[in-house]
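K.L.:
From the sequence below, what's the structure:
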Amino acid sequence: MVDRKKRAQDLIKYHSYASGAFGLIPVPGADVAAVSAAQLNLVHKLAKLYGVEFAQERTRAIVGALLGGVMPGALSSSVLGSAVKAVPFIGTALGVAVMPALSLAATRALGQVFAQHFETGGTLLDFDIDAMRDYFRKEFEAAKGETTDAPAAAPQMDEQPVQKAV
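P.N.:
So this is what the prediction gives:
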């Protein structure tokens with residue numbers, strides 16, 4: 001059987017690359033929605049891996065607080081990167097330059113934060129956003145600075161991806 005930490009890292013790597021790819025979507029807003037869905041799905045799979053009860057709305061609140069509280073500059077760049085795609089030709093090129101890297105780094109950092117929290121016995125109910133912001137910031141900066149290696153193979157899970165509420 002594969003070690004749980006290794007399995008968590010495989011999930012993080014796979015979802016990070018998926019988020020980076022979703023950052024290439026040329027439709028403004030669709031890229032952000034796809035990245036958000038990948039991040040939510042990652043946390044869901046990590047929660048399942050660690051036997052932690054998953055709550056979609058709680059997870060969204062935690063992710064939003066981590067992203068908004070730690071990287072307002074990056075978030076504004078990401079929203080700007082998405083919005084600028086509406087400008088014909090040059091906008092798409094500029095958006096493609098910004099979104100994939102930020103999406104990959106943010107997803108990787110989120111995965112590391114949640115994996116570490118779950119590994120130490122934490123749940124979504126006792127997740128301390130204020131205490132985890134520095135750790136998220138460090139992981140985000142590390143992920144931005146990393147050179148990317150080969151894309152990860154899709155981790156196999158028995159469960160269907162999280163469906164977005166309509």
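K.L.:
The chain: helices as residue ranges?
P.N.:
4-22, 30-49, 56-70, 72-83, 90-119, 129-145 (DSSP state H).
K.L.:
okay, these in TSV with mean pLDDT next?
P.N.:
Output for the helices of the chain, formatted as TSV (pLDDT from 0 to 100):
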stretch	mean pLDDT
helix 4-22	95
helix 30-49	94
helix 56-70	88
helix 72-83	48
helix 90-119	82
helix 129-145	89
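K.L.:
Make TSV from these and add mean neighbour count to it.
P.N.:
C-betas here are computed from N, CA, C, even on glycine. Below are these laid out as TSV (neighbours: other Cβ atoms under 10 Å):
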stretch	mean neighbour count
helix 4-22	20
helix 30-49	21
helix 56-70	17
helix 72-83	16
helix 90-119	21
helix 129-145	16
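K.L.:
for the closest residue in space to Tyr135 that isn't next to it in sequence, what are its contacts?
P.N.:
Leaving aside its chain neighbours, Tyr135 sits nearest to Val113 (5.8 Å; criterion: Cβ to Cβ, 6 or more residues apart in numbering). By Cβ atoms under 8 Å, 6 or more residues apart in numbering, Val113 lies in contact with 66, 132, 135-136, 139.
K.L.:
Which one of these is nearest to Lys13?
P.N.:
Glu139 (13.3 Å; Cβ to Cβ).
K.L.:
list the contacts for that closest one?
P.N.:
108-109, 112-113.
K.L.:
How much space separates it from Tyr50?
P.N.:
18 Å (Cβ to Cβ, to the nearest Å).
K.L.:
And the contacts of stretch 35-55?
P.N.:
Outside stretch 35-55, the residues that touch it by Cβ under 8 Å, 6+ apart are 4, 7-8, 11-12, 15, 18-19, 22-23, 56, 59-60, 63, 99, 103, 106-107, 110-111, 114-115, 118-119, 122-125, 155, 157, 159, 161-162, 164.
K.L.:
ok, now with 7 Å
P.N.:
By Cβ atoms under 7 Å, 6 or more residues apart in numbering, the list of residues contacting stretch 35-55 from outside reads 4, 7-8, 11-12, 15, 18-19, 22-23, 56, 59-60, 63, 103, 107, 110-111, 114-115, 118-119, 123-124, 157, 159, 161-162, 164.
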